[in-house]
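Asks: Predicted model, plus sequence, below.
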Amino acid sequence: MGAPATPVVRSRVHTTDPDAAVSHLQGFTRFRAGPIERRGFALSLTSALAAGLGVSHLRHGTRMEAQAEPTPALTAVERRDGELTVDAGGGEIDVDLVLAPHWSRYASRWAGYLRMTTLDLAEVGRVGAEVSGLDPEDVRFDAVTPLSAARARYWASLVDHVERDLLAHDELMALPLLRQEARHRLIVGALAVFPNSTLEHHTDRGRDTGEPATIRRAVEFMDAHAGEDITVTDVADAARMGPRGLQAAFRRHRGQTPLDYLRRARMEHAHRELRAADPTGGDTVGDVAARWGFTNAGRFSVAYRRAYGCSPVETLRR
């Protein structure tokens, strides 16, 4: 599939009409606005939206209040200047960085200059599952404030980087891998900055190898079923994620595809069988190779020599 014709959709709005301003802001979440001082009101909103992510800048001098519905995206709001308060049920708090609740209604009040970063919730669930081993539907955020001031500063610098070095350049964002990289960096950042269900699982379950549990499940399945006619879909089902997500996870963490790993596992089984085989009893390289899915003798021999430094015939005759 080729790159989209317009990889980043950019928009700019300026209005002195409070009703028009409310209409534009409803794009972030549905809300009921409180009374607005109409005299001197002005709003400027600039947005850059790509597949699964967006960064918007909101400026206005008149205070606004809202009773909001849960957000349809994961939305992190930074106060760059002015004021920002939120009440998600525990009382109103003054914040510099807040995760607008996508799990409950909330109230907020703001004025000045805000930066809002949005991420697709389904993609957040997929990446969260990849790094933690949870099912995507179990990836949940449960608090609106960051884990620490240091992590809040990290979030600001991360969004600065993605916005300046990737999102600002259509040429770069036209490349699917860089679009994916921008989105992935922000999602992983959000998982590290805001309290959520992946943190404990990532710490406990990822300690042994540093790899996501999804990859470990996939590897265990392929090792156990290497002698069977299994597909990437079968492996993805065992890993509890989609085939495309599994492919991306293997490339990111192992620099190979799941099928690359499966072929290498089958090659190792063939190698062990050749070492244990008895050529005087009728065992042949072709029979062993075929049992492990290698039907082209020439390609098998080349791949075997690359892996073990000798030909399969030499191993059989030792």
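Replies: Yep, it's here.

Asks: In three-state terms, label residue 37 for me.
Replies: With DSSP: H, G, I helix; E, B strand; the rest coil as the basis, residue 37 sits in coil.

Asks: can you list contacts of stretch 238-250?
Replies: If you take CB atoms under 8 Å, 6 or more residues apart in numbering as the criterion, stretch 238-250 is touched by 126, 129-130, 135-136, 180, 212, 214-215, 217-218, 220-221, 232-233, 235-236, 256-258, 260-261. For every residue, glycine as well, the C-beta is placed using N, CA and C.

Asks: Please identify the helix or strand for residue 81.
Replies: Counting by DSSP states H and E, the element that carries residue 81 is strand 74-87.

Asks: Quick one: name whatever helix or strand follows that strand.
Replies: strand 93-94.

Asks: Please state the mean pLDDT value computed over that following strand.
Replies: For strand 93-94, mean pLDDT rounds to 92.

Asks: Go ahead and confirm residue 137 touches residue 125.
Replies: Yes. Counting by CB atoms under 8 Å, residue 137 does reach residue 125; the two are 6.6 Å apart.

Asks: Compare the two (neighbour count), which wins?
Replies: Shown here are residue 137 and residue 125; by other CB atoms under 10 Å, residue 125 has more neighbours (20 against 8).

Asks: Just say helix, strand or coil for that one.
Replies: The three-state label given to residue 125 by three-state DSSP is helix.

Asks: Please report phi then psi for residue 32.
Replies: Main-chain torsions, residue 32, degrees, to the nearest 10: phi -110, psi 120.

Asks: Kindly state the pLDDT recorded for it?
Replies: 92.

Asks: Neighbours of it, how many?
Replies: Residue 32 has 11 nearby residues by other CB under 10 Å.

Asks: Spit out the contact partners of it.
Replies: Residue 32 touches 66, 67, 68, counting by CB under 8 Å, 6+ apart.

Asks: cool, and residue 73?
Replies: By CB under 8 Å, 6+ apart, the residues touching residue 73 are 28, 54, 102, 118, 119, 120, 121.

Asks: swap in residue 8?
Replies: 48, 49, 50, 167, 170, 173.

Asks: quick one: which of those has the most company?
Replies: Most neighbours among those, by other CB under 10 Å: residue 167, with 25 neighbours.

Asks: Can you pick out the most distant pair from the contacts of residue 8?
Replies: Spatially, the most separated pair among the contacts of residue 8 is 49 and 170, at 12.5 Å (CB to CB).

Asks: in this structure, which helix or strand is least confident?
Replies: Within the chain, no helix or strand scores below helix 198-205, which has a mean of 58 by mean pLDDT, DSSP states H and E.

Asks: Mind listing residues that contact the following helix or strand past that one?
Replies: Scanning forward in sequence from helix 198-205 by DSSP H and E, the next helix or strand is helix 213-224. If you take CB under 8 Å, 6+ apart as the criterion, helix 213-224 is touched by 129-130, 132-133, 201, 205-206, 209, 230, 234-236, 238-241, 245-246, 249-250, 253-254, 258, 261-262, 265.

Asks: give me that answer again for 7 Å
Replies: Defining contact as CB atoms under 7 Å, 6 or more residues apart in numbering, one finds that helix 213-224 is touched by 129-130, 132-133, 205-206, 209, 235, 238-241, 246, 249-250, 253, 258, 261-262, 265.

Asks: try stretch 159-172
Replies: In this structure, residues lying in contact with stretch 159-172 by CB under 7 Å, 6+ apart are 7, 8, 48, 50, 55, 115, 117, 173, 178, 182, 185, 186.
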